[in-house]
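*Asks:* here is my input; please provide its structure:
(6 chains)
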Protein chains: 4
Amino acid sequence: MGQENKLKIRNAAVQVISEKGFYNTRMLDIAEEAELAVGTLYNYFKSKDEILEYIFAKEMERRMEIIAELKAKDISTKKFLKEFLDRHFEVLIRNPHLGRVVVREKDFSGREKSGNIQQFIETLIEALEDIFVEALANSEIKDIDPHLMAVFFFGAIHGMIEHALTKPDIMMLKNAPQFIMERIEHIFIN
Amino acid sequence: MGQENKLKIRNAAVQVISEKGFYNTRMLDIAEEAELAVGTLYNYFKSKDEILEYIFAKEMERRMEIIAELKAKDISTKKFLKEFLDRHFEVLIRNPHLGRVVVREKDFSGREKSGNIQQFIETLIEALEDIFVEALANSEIKDIDPHLMAVFFFGAIHGMIEHALTKPDIMMLKNAPQFIMERIEHIFIN
Amino acid sequence: MGQENKLKIRNAAVQVISEKGFYNTRMLDIAEEAELAVGTLYNYFKSKDEILEYIFAKEMERRMEIIAELKAKDISTKKFLKEFLDRHFEVLIRNPHLGRVVVREKDFSGREKSGNIQQFIETLIEALEDIFVEALANSEIKDIDPHLMAVFFFGAIHGMIEHALTKPDIMMLKNAPQFIMERIEHIFIN
Amino acid sequence: MGQENKLKIRNAAVQVISEKGFYNTRMLDIAEEAELAVGTLYNYFKSKDEILEYIFAKEMERRMEIIAELKAKDISTKKFLKEFLDRHFEVLIRNPHLGRVVVREKDFSGREKSGNIQQFIETLIEALEDIFVEALANSEIKDIDPHLMAVFFFGAIHGMIEHALTKPDIMMLKNAPQFIMERIEHIFIN
DNA sequence: GATGAATGAGAATTCATTCAT
DNA sequence: TATGAATGAATTCTCATTCAT
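*Replies:* Got it, this is the predicted structure:
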């Protein structure tokens, strides 16, 4: 059915955009990668911008799902963050193209539409912030500004991903979760 | 003399690109902001890409200067990093447009030329890595992978800058250096 | 049976083309208005152009029928023209969309196929010319170039229709036949 | 200077649009006819639509100038109309392409922008209406609805032009003014 | 006959770059 | 050196038409 093509287009777009960057990718590039006609792309997406938004929406949705799932587990914040990192990086190791697109094209500025993508990032940061706020309330972590903490954490993750995928350095991706946890180990009480 | 115009163009480009993003900025936009004719831009830069490269080159040069200067001071690594962060963020607080361009447009991929910009980032990370390698040799810090450390550190910095400038949240820029230092405090011996 | 769909398509086309103009009307627009699938349109018409031709053909056929019918009645030319005008405008008052399409899209030039539509107009003008030729032979009207007369007459009719439908000004449509007759009253002998 | 190119583009557009119709004319066609690059067209006009509007604006301006000039002459309405017709048709005889565009593309419907073109026509009709209103006040013509009269008159003119230029039939253009005057002769008192 | 997704040729428009003045 | 009009390659998006179901 139709969803199959939408998926094909998304995957093709991820592939090509990760290689050439969003602005250097033509609709024709995506179409060829997807083995479809250009016109067909427009049966599934209103514009090129919308394809990028869709990629982001899907990925951010996944991250929120992971967070929701982990929240349901009722584990300590430390375990929570470790597991979130593990799963986040695991996805990227399996699909480096996707990671590259998500970390690189997030600054899709200069157009109003881009608002959505910025929003996805915001939402994720806010979700992380909530985790820290709660941990603070439960005295699981020291008295640290949760907002700064969330931004710092998110930035460090993105930075390592970007660097690892650009080199590319898969080993770094594998070590990153453990390394990041060690860097914030000290914020936890006990 | 001519350098005055080159500076005008650079400043205009920073201003406009920070607002619209590199790909949504036309040479005409830069020319208008600089109060020059489009043709004049080409008397100072061979291409649009070259303007961006120039902006990066200048900024990275400045960072390297700061690093060289601090190295000459022969202070502890902790003080070194703290002072580097202070000065780095200070520049951005004074010129947010510049910060926005540098953090956003670093992934200028999909073209061969972009190599230069990637290179600037690499160089800076390597410089930081050197600091950590040396600190390790001097037993100033714990036994931590210096490369990972440099990437982590750089990522966190960039993430906070980007977030702070996007909101924009000047207060975060002010608090960031101290906050980051506290996060890596534990890596230092003593 | 099938003719029902052909009619639905024609009516839908008249409706949409009258609103958006032929070139700004997509097959999809017509299909939606007709509550049919685009593909279905092609079971009844070979192309978009053919739909417009069909609309014209039908209308011109009707006018020719009116003319034939009036000719059979064997009335004076003056009565003939008056009745022709009455019936012509009556149709338009009842279906302004149709009128709008017929007066506006007659210049469907630049394509070979369009010849047909031009032809319809020609045929109608010739029919009117015949009326004047005959009237001249019967000494019903003064010595006036019948060809010029037909063109003049036809132009005035079209102009008034177009103006009335564009405003729209239904009252003008109602008054037009009488007004036009008064304007050519003087050509009749007696 | 620049106006020279604007004129070249206008003339080329008139030529091509008169042959192929507005919607079947590509910007490239106009550019080639004008012996300019496509891009150059956009240095003088914001869009294809704007070219058509410009053609109309110029022509309507000319007609208004003729009307203003004749008004200044303070001649009888009958002479006024005759002279207006003569000059109007004279222009068309000299530049049939222009005439064809003006009579054919006036119904530039389906887009908001088209409003301007409709407006030009309206303005001209209103100007004619004013003539009749004044003539009525001066008892130069019989008691006839001036609005209907203006629309009728304008329609007849357009119809004859269109027919004459479509055939093409230059003789008809030459005879038209006289013929039209004879048709409305009876409305004048005396 | 009816459907509507797939197709790809085609068109408007943009914009980096050139170059004559 | 400064200018800005001219250029035309490149790109996004549209839409008539086809055809497998």
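*Asks:* ok, and the closest non-adjacent residue to A:His186?
*Replies:* B:His186 (4.5 Å; C-beta to C-beta, 6 or more residues apart in numbering or on different chains). (Each C-beta comes from the backbone N, C-alpha and C, glycine too.)
*Asks:* distance of the one you found relative to DNA strand E?
*Replies:* Going from B:His186 to DNA strand E by C-beta to the nearest atom of the strand, to the nearest Å gives 47 Å.
*Asks:* residues making contact with the helix or strand containing A:Glu4?
*Replies:* Assessed by DSSP states H and E, A:Glu4 sits inside helix A:2-20. The contact list for helix A:2-20 (C-beta atoms under 8 Å, 6 or more residues apart in numbering or on different chains) reads A:25, A:29-31, A:33-36, A:40-41, A:43-45, A:51-52, A:54-55, A:58, A:95-98, A:100-101, A:104-105, B:109-110.
*Asks:* from the chain's centre, how far out does that helix sit?
*Replies:* A distance of 16 Å separates the C-alpha centroid of helix A:2-20 from that of its chain, computed with C-alpha atoms, centre = their mean, to the nearest Å.
*Asks:* list the buried ones in that helix?
*Replies:* Neighbour counts using 16 or more other C-beta atoms under 10 Å in any protein chain shown place A:6, A:8-19 of helix A:2-20 among the buried residues.
*Asks:* closest one of these to chain B?
*Replies:* Chain B lies nearest to A:Glu19 out of those, by C-beta to the nearest C-beta, at 7.2 Å.
*Asks:* what's the pLDDT at that closest one?
*Replies:* Per-residue pLDDT puts A:Glu19 at 91.
*Asks:* and A:Gly2, by the same measure?
*Replies:* The model's pLDDT for A:Gly2 equals 69.
*Asks:* run the contact check for the next helix or strand after the helix holding A:Glu4 versus DNA strand F.
*Replies:* As assigned by DSSP H and E, the chain's next helix or strand after helix A:2-20 is helix A:27-34. Yes: contact of helix A:27-34 with DNA strand F (C-beta under 7 Å from any atom of the strand) involves A:Met27, A:Leu28.
*Asks:* and chain A, what are its domains?
*Replies:* For chain A, automatic domain parsing gives the domain ranges A:1-45, A:52-187.
*Asks:* select from those the stretch with the lowest mean pLDDT.
*Replies:* Among those, domain A:52-187 carries the lowest mean pLDDT, at a mean of 89.
*Asks:* near DNA strand F, anything from that domain?
*Replies:* No: on the criterion C-beta under 7 Å from any atom of the strand, domain A:52-187 is out of touch with DNA strand F, staying 9.6 Å away.
*Asks:* span of that domain from start to end?
*Replies:* Counting by C-alpha to C-alpha, to the nearest Å, you get 36 Å between the two ends of domain A:52-187.
*Asks:* centre of the chain versus that domain, how much separation?
*Replies:* Counting by C-alpha atoms, centre = their mean, domain A:52-187 comes out at 7 Å from the chain centroid.
*Asks:* cool, and stretch A:14-34?
*Replies:* Distance of stretch A:14-34 from the chain centroid (C-alpha atoms, centre = their mean) equals 19 Å.
*Asks:* rewinding a little: pretty sure the residue nearest to A:His186 is touching A:Glu185, no?
*Replies:* Yes: proximity of B:His186 to A:Glu185 meets the contact threshold set by C-beta atoms under 8 Å, at 7.2 Å.
*Asks:* just the buried ones from the contacts of helix A:2-20?
*Replies:* A:25, A:29-31, A:33-34, A:36, A:41, A:44-45, A:51-52, A:54-55, A:95-98, A:100-101, A:104-105, B:109-110.
*Asks:* after the helix or strand containing A:His97, next one along is what?
*Replies:* Applying DSSP H and E as the criterion places A:His97 in helix A:96-104. Per DSSP H and E, the first helix or strand lying C-terminal to helix A:96-104 is helix A:115-137.
*Asks:* separation between A:Lys20 and DNA strand E?
*Replies:* 16 Å.
*Asks:* so A:Leu41 is in contact with A:Ile30, correct?
*Replies:* Yes: A:Leu41 lies in contact with A:Ile30 (C-beta under 8 Å); the separation is 6.3 Å.
*Asks:* what do these two both touch?
*Replies:* A:Ile9, A:Ile51.
*Asks:* for chain C, what is the nearest residue in chain A?
*Replies:* A:Asn43 (12.1 Å).
*Asks:* tell me if I am right that that residue is in a strand.
*Replies:* No: under DSSP: H, G, I helix; E, B strand; the rest coil, A:Asn43 falls outside any strand and is assigned helix.
*Asks:* output the contacting helices and strands for the helix ranked longest in chain A.
*Replies:* If you go by DSSP state H, chain A has its longest helix at helix A:48-73. Applying 3 or more C-beta pairs under 8 Å, 6 or more residues apart in numbering or on different chains; DSSP states H and E, we find helix A:48-73 packed against helix A:2-20, helix A:77-94, helix A:96-104, helix A:115-137.
*Asks:* using PDB, write out every CA atom in the first one.
*Replies:* Taking Å, rounded to 0.1, in the frame of the first residue of the first chain, the C-alpha atoms of helix A:2-20 are listed here in PDB:
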ATOM      1  CA  GLY A   2       0.900   3.700   0.000                       C
ATOM      2  CA  GLN A   3       2.800   3.700   3.200                       C
ATOM      3  CA  GLU A   4       5.400   1.600   1.600                       C
ATOM      4  CA  ASN A   5       6.300   4.400  -0.800                       C
ATOM      5  CA  LYS A   6       6.300   7.000   2.000                       C
ATOM      6  CA  LEU A   7       8.800   4.800   3.800                       C
ATOM      7  CA  LYS A   8      10.900   4.300   0.600                       C
ATOM      8  CA  ILE A   9      11.000   8.100   0.100                       C
ATOM      9  CA  ARG A  10      12.000   8.700   3.700                       C
ATOM     10  CA  ASN A  11      14.800   6.200   3.600                       C
ATOM     11  CA  ALA A  12      16.000   7.500   0.300                       C
ATOM     12  CA  ALA A  13      16.000  11.000   1.600                       C
ATOM     13  CA  VAL A  14      17.900  10.100   4.800                       C
ATOM     14  CA  GLN A  15      20.500   8.400   2.600                       C
ATOM     15  CA  VAL A  16      21.000  11.200   0.200                       C
ATOM     16  CA  ILE A  17      20.700  14.100   2.600                       C
ATOM     17  CA  SER A  18      23.200  12.400   5.000                       C
ATOM     18  CA  GLU A  19      25.700  12.400   2.100                       C
ATOM     19  CA  LYS A  20      25.100  15.700   0.400                       C
END
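*Asks:* now that helix against helix A:96-104, angle please.
*Replies:* 70 degrees (axes from the mean of the first three to the mean of the last three C-alpha atoms, to 10 degrees).
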